[in-house]
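**Student:** have a look; sequence and predicted model below, questions after that.
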2 protein chains.
Amino acid sequence: IGNSITGVSTVVRDVIKVGKDDPRRAVHSFKVGLALTLVSLIYYYQPLYTNFGATAMWAVMTVVVVFEFSVGATLSKGLNRGLATLLAGALGVGAHHLACLSGKIGEPILLSFFVFLQAVATTFMRFFPEIKARYDYGMLIFILTFSLVSVSGYRYDEILTMAHRRFSTIFIGGATCVIISIVVCPVWAGEDLHNLIALNMEKLGSFLEGFGDEFFRTSADTDWDTAEKRKCLRGYKSVLGSKSAEETLANFARWEPSHGEFRFRHPWKQYLELGALTRECAYRIEALDGYLNVNVQVPAVAREKIEGACREVSSEAAKALKEMAVSVRTMTRQAALADTDHLLVDCHGAVKDLKALLKASQWKETDLLAAVPLFTVTSLLIDVVECTEKIAESV
Amino acid sequence: IGNSITGVSTVVRDVIKVGKDDPRRAVHSFKVGLALTLVSLIYYYQPLYTNFGATAMWAVMTVVVVFEFSVGATLSKGLNRGLATLLAGALGVGAHHLACLSGKIGEPILLSFFVFLQAVATTFMRFFPEIKARYDYGMLIFILTFSLVSVSGYRYDEILTMAHRRFSTIFIGGATCVIISIVVCPVWAGEDLHNLIALNMEKLGSFLEGFGDEFFRTSADTDWDTAEKRKCLRGYKSVLGSKSAEETLANFARWEPSHGEFRFRHPWKQYLELGALTRECAYRIEALDGYLNVNVQVPAVAREKIEGACREVSSEAAKALKEMAVSVRTMTRQAALADTDHLLVDCHGAVKDLKALLKASQWKETDLLAAVPLFTVTSLLIDVVECTEKIAESV
């Protein structure tokens, strides 16, 4: 009994965690339940059932398969499914009629041939990158509908009625999904993308903010404290691998109608570019992070000389990144531009100071080998500032 | 006419390109066509059709949806579909019987309640990361089958016969997919993962091989030549974003039976770890690459001093990476270990030389600011060697 209680409490904790991470998940679950229950009314309500009969199951099937987390994904799947069904249904009926002309023996042979040819061609088309990104599901439904309509035409005579009924139920299912996903607490992929990009920039900013303290930390600090702080700094790690998430969101966002501050043809591509630049900056930061892990003993003399300037560069870059994140988040391009420019000028100033320091100082007496990590960090910081500027240009 | 000819020729060129990139794609398309044609025989062959009737469409549907590019993906989907159908079918029949007990008015209400509850719970479970990775499709089919079986039970009395027929046809469809995907030119996700990991290591090796020449290039070289070479070096860029591809492949590979040199429980997780280390190395290389783009004017004096040592480090690291790639590819761990060790010793030697050089040389007269990029490159190269060693440990 003790074991099973622990088991249950673990599950409950997991459920609460998943729900808390993103409360919209729980809402989404209820939306799916609602859509499914609504659609299954076709079965219970006699006049509707008389009309559709067993094809009612296509409505249920459509809801289960089409309803996705975000509005964009649901719309993309729904439209793909609807259009593909329509097109493939028409072609399937055509293939059936053609095959009928060739007599009772030729019919199955010709039908098999059509199905085979269509499946081969469509499956191959699914490998095209552009088609895969946007119409993959439609292609699948095309194969499915064409095969079903043309082949089952061999057994039914009322193929047109069947195709018509099936399309109606699929339309009902798809429309239910789209309407519920838009009306009840909509989750917009575009908004998610927007927030993700801003969040990623903030994460980089947080790292740079803490980097100065961490790198020039005197060993007097307790280890526990360090471990805690480093965990905070590591937030940027997720930026390194966010490419595919961003691309998926951008793909869905393209399908979404205008909502809130986003127009229908919002320039989603620019978000991807911004994301790519942010990631480039993150790669440099990953290299910087490597120098936090190694216990390098930088000679005190060299350290003292450029510590201030390094901290300055790091914190100025952090400020600029965070400011840009805010301006992305609030989409206040014009107002924020002046602020950002101002911060970038500060950044530049800090880099210049650092460079001047490097040029002017007397380094003869320092142990160069030991100071190399310091220089590397310096140089990487300057790189980060350059990346930051590039990001600023495209914000 | 001219336009349409150009259009057609573009399409043809695209088709050839997609096919040439991976000829297995064309084979896969034919396999799908074959499976679909085989399964549609149920419709044409009278004894089979008498047995299954209209449920034959579930076989067609299963083939279209389950047949994936790799054996692992097909097996994963097929097993998910089969098990989920069985389980959900049983529960659906149970729910139907329970609902029947409550009389003609209570039945639809109770059924709706069951469907709603089940849809909410299962949809929420799909958000659990472990479930999402391996059983997402099964969950979808669970919702689908449970809803269809329990709700359509309201209209049919022979619900058991229906559920039984449906499961048989789904089993036939799934089995056809699995058998064809294994027997006819199988595409193993595990093998793909294996090759991807080795290829990624090779790509990093190629970059390091060319890096020395590129960085210490005298400006006398023609620009065209450089552009061409750099394009070659940039191969490593794909390594940066290969995380999700690796994870997907590893997920599929887990489902695959033993084949060739891979056992059933091949340690796929180790491949992921190796991939992560390779990527960490790639981040450093990305930072290195940044120094190829900027036209830095390193003072000749400083350059001459450490050029040789830098080149040495870079090429030794390249050799070690490539050797490790070969040993991963051929899985000749024991035999290759000695070679790799040997190469790593060389690597270490090169790094030591470089460090000694930095320590010993007189740097007074050089312009430190201008030499910083050089030091950074040096330091990053040393990092790369460290990453390489980590990779070597886990090969």
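**Tutor:** Great, that's in hand.
**Student:** next, count neighbours for A:Gly260.
**Tutor:** 10 (other C-beta atoms under 10 Å in any protein chain shown). C-beta here means a position set from N, CA and C on the backbone, and glycine is covered the same way.
**Student:** now the phi/psi pair for it, please.
**Tutor:** Main-chain torsions, A:Gly260, degrees, to the nearest 10: phi 50, psi -130.
**Student:** pretty sure it contacts A:Pro186?
**Tutor:** No: in this structure, A:Gly260 is not within contact of A:Pro186 by C-beta atoms under 8 Å, at 9.7 Å.
**Student:** thinking A:Phe207 is in contact with A:Tyr236, fair?
**Tutor:** Yes: counting by C-beta under 8 Å, A:Phe207 does reach A:Tyr236; the two are 4.6 Å apart.
**Student:** so where does the closest residue to A:Tyr154 other than its chain neighbours fall, helix or strand?
**Tutor:** In space, and not counting its chain neighbours, A:Tyr154 is closest to B:Tyr43: 5.5 Å by C-beta to C-beta, 6 or more residues apart in numbering or on different chains. Taking DSSP states H and E as the criterion, B:Tyr43 maps to helix B:41-44.
**Student:** can I get that helix in PDB, CA atoms only?
**Tutor:** Only the C-alpha atoms of helix B:41-44 are listed here, as PDB (Å, rounded to 0.1, in the frame of the first residue of the first chain):
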ATOM      1  CA  LEU B  41      -6.900  -6.300 -52.500                       C
ATOM      2  CA  ILE B  42      -9.300  -6.900 -49.600                       C
ATOM      3  CA  TYR B  43     -11.800  -4.900 -51.500                       C
ATOM      4  CA  TYR B  44     -11.300  -6.700 -54.800                       C
END
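**Student:** show residues contacting that helix.
**Tutor:** Residues outside helix B:41-44 that contact it (C-beta atoms under 8 Å, 6 or more residues apart in numbering or on different chains) are A:108, A:111-112, A:151-152, A:154-155, B:48-49, B:52, B:56, B:59, B:169, B:172.
**Student:** which parts of that helix are buried?
**Tutor:** B:42-44 (16 or more other C-beta atoms under 10 Å in any protein chain shown).
**Student:** how far does it sit from its chain's centre?
**Tutor:** Relative to the centre of its chain, helix B:41-44 is centred 37 Å away, using C-alpha atoms, centre = their mean, to the nearest Å.
**Student:** which elements pack onto the helix or strand that it is followed by?
**Tutor:** Once the chain leaves helix B:41-44, the next helix or strand it forms, by DSSP H and E, is helix B:46-52. Judged by 3 or more C-beta pairs under 8 Å, 6 or more residues apart in numbering or on different chains; DSSP states H and E, helix B:46-52 is in contact with helix B:41-44, helix B:56-66, helix B:159-183.
**Student:** burial count for A:Val115?
**Tutor:** By the criterion of other C-beta under 10 Å, A:Val115 has 24 neighbours.
**Student:** meant to ask about A:Val120, not that
**Tutor:** 21.
**Student:** for the residue nearest the centre of chain A, which non-adjacent residue is spatially closest?
**Tutor:** The centroid of chain A falls nearest to A:Ala245 when counting by C-alpha atoms, centre = their mean (2.9 Å). Of all residues not flanking A:Ala245 in the chain, A:Leu196 sits nearest, at 6.9 Å (C-beta to C-beta, 6+ apart).
**Student:** what residues are up against that neighbour?
**Tutor:** A:242, A:245-246, A:249, A:275.
**Student:** if any of the residues you listed are buried, give me the PyMOL selection for them.
**Tutor:** Under the burial definition 16+ other C-beta under 10 Å, those of the contacts of A:Leu196 that qualify are selected in PyMOL by:
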select buried, chain A and resi 242+246+249+275
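**Student:** and the strand or helix carrying A:Leu193, which residues are buried?
**Tutor:** Secondary structure from DSSP H and E places A:Leu193 in helix A:189-215. Judged by neighbour count using 16+ other C-beta under 10 Å, the buried positions of helix A:189-215 are A:189-194, A:196-212, A:214-215.
**Student:** which ones are touching A:Glu209?
**Tutor:** When contacts are counted by C-beta under 8 Å, 6+ apart, A:Glu209 is found next to A:314-315, A:318, A:322.
**Student:** now render those as CSV, adding distance to chain B.
**Tutor:** As requested, the contacts of A:Glu209 are arranged in CSV below (distance: C-beta to the nearest C-beta, whole Å):
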residue, distance to chain B
A:Ser314, 16
A:Ser315, 20
A:Ala318, 19
A:Lys322, 23
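**Student:** in strands only, show me these.
**Tutor:** Secondary structure from DSSP state E places none of the contacts of A:Glu209 in strands.
**Student:** who in the stretch 101-250 of chain A is up against chain B?
**Tutor:** Within the stretch 101-250 of chain A, the positions lying close to chain B (C-beta under 8 Å from any C-beta of the partner chain) are A:108, A:111-112, A:115-117, A:119-121, A:123-124, A:127-128, A:140, A:143-144, A:147-148, A:151-152, A:154-155, A:240-241, A:243-244.
**Student:** rewinding a little: next secondary structure after the helix or strand where the residue nearest to the centre of chain A lies?
**Tutor:** Using DSSP H and E, the element containing A:Ala245 is helix A:243-253. The helix or strand immediately downstream of helix A:243-253 is helix A:268-293, counting by DSSP H and E.
**Student:** for that following helix, buried residues please.
**Tutor:** Within helix A:268-293, the residues scored as buried using 16+ other C-beta under 10 Å are A:268, A:271-272, A:274-275, A:277-292.
**Student:** which ones among those residues also lie next to chain B?
**Tutor:** Taking C-beta under 8 Å from any C-beta as the test, chain B is in contact with A:279-280, A:283-284, A:286-287, A:290 out of those.
**Student:** tell me the mean pLDDT for stretch A:68-85?
**Tutor:** Averaged across stretch A:68-85, the pLDDT comes to 93.
**Student:** where does pLDDT dip in chain A?
**Tutor:** Low-confidence segments of chain A (pLDDT under 70): A:217-232, A:291-303, A:305-306, A:331-345, A:347-348, A:350-351, A:354-395.
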